[in-house]
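**Q** Below is the sequence, then the predicted model.
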Amino acid sequence: MTAAIATVVHAGTPENLPRFLHFIEATCARIEADADTKYALHLAMEEVCTNLIVHGYRGEAAGPIEVAVYDECEKVTIVIRDRAPPFDPVHAPSPDLTSDVEHRPAGGLGLYLVKKVMDEVDYVPDTPSGNVLTLVKRKS
Amino acid sequence: MEIELRLSGGITVVGIRGSVDGLTADDLMRTLSARVSEGAVRLVADCSALDYTSSAGLRSLLGAVKLARQHGGDLRLAAIQPPVLRVLDLSGFTGILKYYPDVEAAVVSFAEPA
């Protein structure tokens, strides 16, 4: 893979969520991402970082979330590293998509949407550099 | 995110501009909940200027629909932009919420028999 065109690292705290979102917005502008790619990358960044902040680190001496973006001819790759307890989004159970309004649970959609809008999702827990989530979006 | 409220034939039209995400979804839910608690239980969300939503936005929409229906009304969506509609469709929300091509159609729908 080519060198990352943009990287950021912040503590996995709620106050830093806007920083991660601004990072991906700026990066999408820099690489002139098309609308579909921009939406997918923004959604992926929000859902993954929110999950790490809320469920991974849970505000307890939050560790880092490191994000690197790689821009290639046909695809954009985001690599997200963290040191929270491992959670494999690839094999996470699918949410309830069929219950009516009254019985539909409010949560559980975030990572499911990431897997739907990104073309490839790969997760490797407990590497020397932390848990590594790799997301690939092929360009239109 | 910006929210603009107006009345149309007794229906509360909630214009949502910008993004409903983890940073703004709670504000949307608070606004909609307040309207329902004041008796405005028939609402239309004008989504023509809504350009992004995430699971947080979906949660607030679902919560508002549930609340409105519990009070004998509904929250219906109008003029949903394609990227947002795709997210609603992926989540199965297009099968449980009522949505229309424009605000007028959504407003008129409240006059139709259930």
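**A** Looks like it arrived, so ask away. Numbers count the residues shown, from 1 in each chain, chains lettered A, B, ... in the order given.
**Q** which parts of chain A sit against chain B?
**A** A:17-18, A:21, A:35-36, A:39, A:42-43, A:46-47, A:50, A:95, A:97-98, A:100-102, A:104, A:106-107, A:109-110, A:112-113, A:116-117 (C-beta under 8 Å from any C-beta of the partner chain). C-beta coordinates here come from the backbone N, C-alpha and C atoms, glycine included.
**Q** So which of the residues you listed sit within helices?
**A** A:17-18, A:21, A:35-36, A:39, A:42-43, A:46-47, A:50, A:110, A:112-113, A:116-117 (DSSP state H).
**Q** Which of those are buried, as a PyMOL select command?
**A** The buried subset of those, as determined by 16 or more other C-beta atoms under 10 Å in any protein chain shown, is captured in PyMOL by this line:
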select buried, chain A and resi 17+21+36+39+42+43+46+47+50+110+112+113+116+117
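**Q** which residues touch residue 47?
**A** I'll assume chain A. A:110, A:111, A:113, A:114, B:54, B:55 (C-beta atoms under 8 Å, 6 or more residues apart in numbering or on different chains).
**Q** Let me rephrase: I mean chain B.
**A** Counted by C-beta under 8 Å, 6+ apart, residue B:47 has contacts B:16, B:77, B:78, B:79, B:80, B:81, B:84.
**Q** what's the answer for residue B:25, then?
**A** Neighbouring residues of residue B:25 by C-beta under 8 Å, 6+ apart: B:54, B:56, B:57, B:59, B:60.
**Q** What confidence value was assigned to it?
**A** Residue B:25 is assigned a predicted lDDT (pLDDT) of 95.
**Q** likewise residue B:113?
**A** 71.
**Q** As a quick check, tell me the outermost residue of chain A.
**A** In chain A, counting by C-alpha atoms, centre = their mean, residue A:102 sits farthest out from the average C-alpha position, at 29.6 Å.
**Q** you'd agree it is up against residue B:62?
**A** No. Between residue A:102 and residue B:62 there is no contact under C-beta atoms under 8 Å: 10.5 Å.
**Q** Would you map the strands across the chain?
**A** No chain in the question, so chain A it is. A:6-11, A:64-71, A:75-82, A:120-127, A:130-138 (DSSP state E).
**Q** Oops, wrong one, chain B.
**A** B:2-8, B:11-20, B:42-53, B:74-78, B:99-100.
**Q** and residue A:74, which of those is closest to it?
**A** strand B:42-53 (24.6 Å; C-beta to C-beta).
**Q** For that closest one, buried residues please.
**A** B:42, B:43, B:44, B:45, B:46, B:47, B:50, B:51, B:52, B:53.
**Q** For the residue nearest to the first one when sequence neighbours are not counted, give me its contacts.
**A** Sequence neighbours aside, residue B:73 is the residue nearest to residue B:42 in space, at 4.5 Å (criterion: C-beta to C-beta, 6 or more residues apart in numbering or on different chains). Counting by C-beta under 8 Å, 6+ apart, residue B:73 makes contact with B:36, B:40, B:41, B:42, B:43.
**Q** Equivalent analysis for residue A:34, please.
**A** Residue A:34 touches A:139, A:140, counting by C-beta under 8 Å, 6+ apart.
**Q** let's go with 6 Å and repeat that
**A** Residue A:34 makes contacts with residue A:140, as judged by C-beta atoms under 6 Å, 6 or more residues apart in numbering or on different chains.
**Q** cool, and residue A:133?
**A** A:80, A:123.
**Q** Kindly recompute the last result at 7 Å.
**A** A:48, A:80, A:89, A:123 (C-beta atoms under 7 Å, 6 or more residues apart in numbering or on different chains).
**Q** Who wins on neighbours among those?
**A** residue A:48 (25 neighbours; other C-beta atoms under 10 Å in any protein chain shown).
**Q** Report the beta-bridge partner residues of the nearest residue to residue B:110 once chain neighbours are set aside.
**A** Nearest residue to residue B:110, sequence neighbours excluded (C-beta to C-beta, 6+ apart): residue B:42, at 5.2 Å. Beta-bridge partners for residue B:42, by DSSP bridges, are residue B:74.
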